[in-house]
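Trainee: test case, fold it:
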Amino acid sequence: MAFPAAFIDELIQKNPIDDVVGQYVTLKRHGSNLFGLCPFHSEKTPSFSVVPDKGMFYCFGCQKGGGVINFIMEQESLDYADAVRFLAKRAGMTVPEDEGRSSTYQRQERLWKLNREAARYFHDALSGQNAEQVQSYIERRGLSKGTVTRFGLGFAPEGWTNLIDAMAKLGYQKQDLLDAGLAVKTEKGSIYDRFRNRLMFPIIDLRGNVIGFGGRVMDDSTPKYLNSPETIVFNKRKNLFALNIARKSKQGFLILTEGYMDAISLHQYGFDCAVASLGTSLTAEHVTLMAKYTDKVVLTYDADAAGQNATQRAIAILEKAGLQVKVLRVEGAKDPDEFLKKYGADRFRLLLERSENHVEYQLQRLKSQFDLSQDEGKVEYIKAAADLIATRNSSVEREVFGGRIAETAGISTDVVKHEINRAFQRLKAQQKKRQERIDLQPATEIQPRSRSIRYSNIRSAAAEEQLLRILVAEPSLFAKTSGLTGGMFSSPLLGRAFDHLNRLHLEGQAPSLSSMGEEFSPEEASHLSYVISKDIGPVKEKELMDCLQVIRSEYEKQQSQSVPDLLAARARYQRTKGMGG
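Mentor: Sure thing, here's the model as predicted:
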């Protein structure tokens, strides 16, 4: 729906882009702009910028950009209208619309409330009848009452419609429970509770919303752990268990565990920085989420083959995002939970302090794959280890780890150093070839990075971009653009942007593209954000006049070329009509 311009203007004023983005991204000031790691893709070096005075953001890595509404659309996966509602709620504003209108955001709010009520139901059931088995399990696992309360643990009783019936009394329909993943529909159309006779773990997002559940079975049925399915409020690839608590930790790092119980046990023993993935392998989205709160991650996966493979995958994803990675080897126990119960927090803290640099871990894993008592095994180990160390950019790291490889294989350090240098030079040659291919591409700096947006007249488009920047910086110069319309621009997108800014100016509002979203696609908004965010230095009226001259002359040139084409087309039509065609 179309919202009143005055309402959108007030909404943007009450939701400063640096405040809103700052809730998702750690921003550091450089000059007049703010920079941080992009929340939309994994990166080591901050390329995500926020320009507070223009109300815009732009990522030079993934090319996404726009105003505060666009940011919420992208970050929360909402359409324009629902992003407006989201920001209105944040600012305590009433949205001027029909309250009965359905929307994704309104639907999300209903499911958040339903999940919260379900969590209360499960938690209350933990102290009710027929909960003896789960109470006994909690006692055996050594969980205190405080921990149970802190994590909101609960119990889903045995039975097919316990939760459905309880939620119906609160006004929730069967479709609500299906949409929330709390119920399952049979082929015949009847529905039943998804979670039955299970210890329940509420999954809570960073805003405190209950978005889903994990449930551990109390008998021999399968699966042992059952998680909520994907819903409009729950995406297991973009959330981590206990991060809502761990993000406030003062320990300076996050501990990534394999399961809920490991994470909860660590919190109970004072390690409040533990998190766990939600029944899925570590993803780039998980890493992007963690990078907002730390630059160090300790992996504590199980030591079995599956755990080692998961560790290898996690190391690659975490390092790609620029995070420091260590691997903790649990000695004398199968997992952190068992270790803490056997040896206590102090011994675990020592284990943490001795956790290995991930390169050391990978070298140890390589060592176990080769028979170093045989010459062939030594040769293959050295080659594989050299390839691994060659990926380290630091010459000091290559030197140190090269010495360890030589010691492990029982050969000369110089030989290993030579092998690492050969591998390093191969990598550099490959990178050089890739860069040469990039450099050979035609210079198209002015062309939009999005392939769906093209400029047909580079000279005019450059002037059109600069004109927009000047007018946003100095709105009083709109008086000099009399007679100019967006239809005279060579780029339809830049023309529409000009008309949008001009309309705001005529309505007495500050000309800004920060409210774009309804009139522009995400790709268009990102490109316009990139255009406007460029620094132009001191604004000069002469530069504006030069831009106007280029735009008008190129428009007149195009018009003069199109008239003969139009006349020729009309003549062809007349001839065709005369021949009876």
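Trainee: domains for this protein, by residue range?
Mentor: For the chain, automatic domain parsing gives the domain ranges 5-91, 105-227, 243-360, 375-439, 458-566.
Trainee: show me what the closest residue to residue 115 other than its chain neighbours is bridged to.
Mentor: Excluding the flanking residues, the one nearest residue 115 by Cβ to Cβ, 6 or more residues apart in numbering is residue 210, at 3.9 Å. The C-beta positions use only the backbone N, C-alpha and C, and glycine is treated the same way. Beta-bridge partners recorded for residue 210 (DSSP bridges): residue 204.
Trainee: now do residue 210, the pLDDT please.
Mentor: Here, the pLDDT recorded for residue 210 equals 97.
Trainee: for residue 494, see how far away it is.
Mentor: The gap separating residue 210 from residue 494 is 45 Å, by Cβ to Cβ, to the nearest Å.
Trainee: looking at the two, which is more packed in?
Mentor: Higher neighbour count among residue 210 and residue 494: residue 494, with 26 against 23, using other Cβ atoms under 10 Å.
Trainee: and the more buried one, what element?
Mentor: helix 492-506 (DSSP states H and E).
Trainee: same question for residue 387.
Mentor: helix 375-389.
Trainee: would you mark the buried spots in that helix?
Mentor: Neighbour-count burial for helix 375-389 flags 378, 380-382, 384-389 (criterion: 16 or more other Cβ atoms under 10 Å).
Trainee: residue 213: what's it in contact with?
Mentor: 115, 118-119, 122, 182, 195, 200-203, 227-228 (Cβ atoms under 8 Å, 6 or more residues apart in numbering).
Trainee: list just the nearest of those to residue 167.
Mentor: Set against residue 167, the nearest of the contacts of residue 213 by Cβ to Cβ is residue 118 (6.7 Å).
Trainee: how much space between that closest one and residue 198?
Mentor: 13 Å.
Trainee: quick one on the thing from earlier: top of the contacts of residue 213 by neighbour count?
Mentor: Neighbour max across those (other Cβ under 10 Å) = residue 201, 28 neighbours.
Trainee: hang on, the earlier thing: can you put the buried residues of helix 375-389 in a markdown table and add distance to residue 474 and pLDDT?
Mentor: Shown next, in a markdown table, are those (distance: Cβ to Cβ, whole Å; pLDDT from 0 to 100):
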| residue | distance to residue 474 | pLDDT |
| --- | --- | --- |
| 378 | 71 | 85 |
| 380 | 67 | 88 |
| 381 | 66 | 86 |
| 382 | 65 | 87 |
| 384 | 61 | 87 |
| 385 | 61 | 85 |
| 386 | 59 | 85 |
| 387 | 56 | 86 |
| 388 | 56 | 83 |
| 389 | 55 | 85 |
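Trainee: which strands and helices sit next to the helix or strand encompassing residue 245?
Mentor: Using DSSP H and E, residue 245 sits in helix 243-246. Here helix 243-246 is seen to pack against strand 274-276 when contacts are counted using 3 or more Cβ pairs under 8 Å, 6 or more residues apart in numbering; DSSP states H and E.
Trainee: need the residues that contact the strand it packs on.
Mentor: Contacts of strand 274-276 (Cβ under 8 Å, 6+ apart): 240-243, 246, 254-260, 262-263, 266-267, 290.
Trainee: circling back to that earlier point, as CSV, could you dump the C-alpha coordinates of the helix holding residue 245?
Mentor: Written as CSV, here are the backbone C-alpha positions of helix 243-246 (Å, rounded to 0.1, in the frame of the first residue of the first chain):
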residue,chain,number,x,y,z
LEU,A,243,23.3,-16.5,20.9
ASN,A,244,20.7,-14.2,22.5
ILE,A,245,22.6,-14.7,25.8
ALA,A,246,26.1,-15.3,24.5
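Trainee: how big is the angle separating the host helix or strand of residue 13 from helix 492-506?
Mentor: Following DSSP H and E, one finds residue 13 within helix 5-14. For helix 5-14 against helix 492-506, the angle by axes from the mean of the first three to the mean of the last three Cα atoms, to 10 degrees is 90 degrees.
Trainee: and the closest residue to residue 138 other than its chain neighbours, how many residues sit next to it?
Mentor: Once flanking residues are discounted, residue 138 sits nearest to residue 148: 6.5 Å by Cβ to Cβ, 6+ apart. Neighbour count of residue 148, defined by other Cβ under 10 Å: 18.
Trainee: hang on, the earlier thing: next structured bit after the helix holding residue 494?
Mentor: helix 522-533.
Trainee: which helices and strands sit right next to that next one?
Mentor: Using 3+ Cβ pairs under 8 Å, 6+ apart, helix 522-533 is in contact with strand 56-59, strand 65-66, helix 68-76, helix 458-473, helix 492-506.
Trainee: a strand runs through residue 325, doesn't it?
Mentor: Yes - Residue 325: assigned to a strand according to DSSP: H, G, I helix; E, B strand; the rest coil.
Trainee: ok, and the closest non-adjacent residue to it?
Mentor: Using Cβ to Cβ, 6+ apart, the closest residue to residue 325 is residue 358 (4.1 Å).
Trainee: what are the phi and psi angles of that neighbour?
Mentor: Backbone dihedrals for residue 358, given as degrees, to the nearest 10, come out at phi -60, psi -20.
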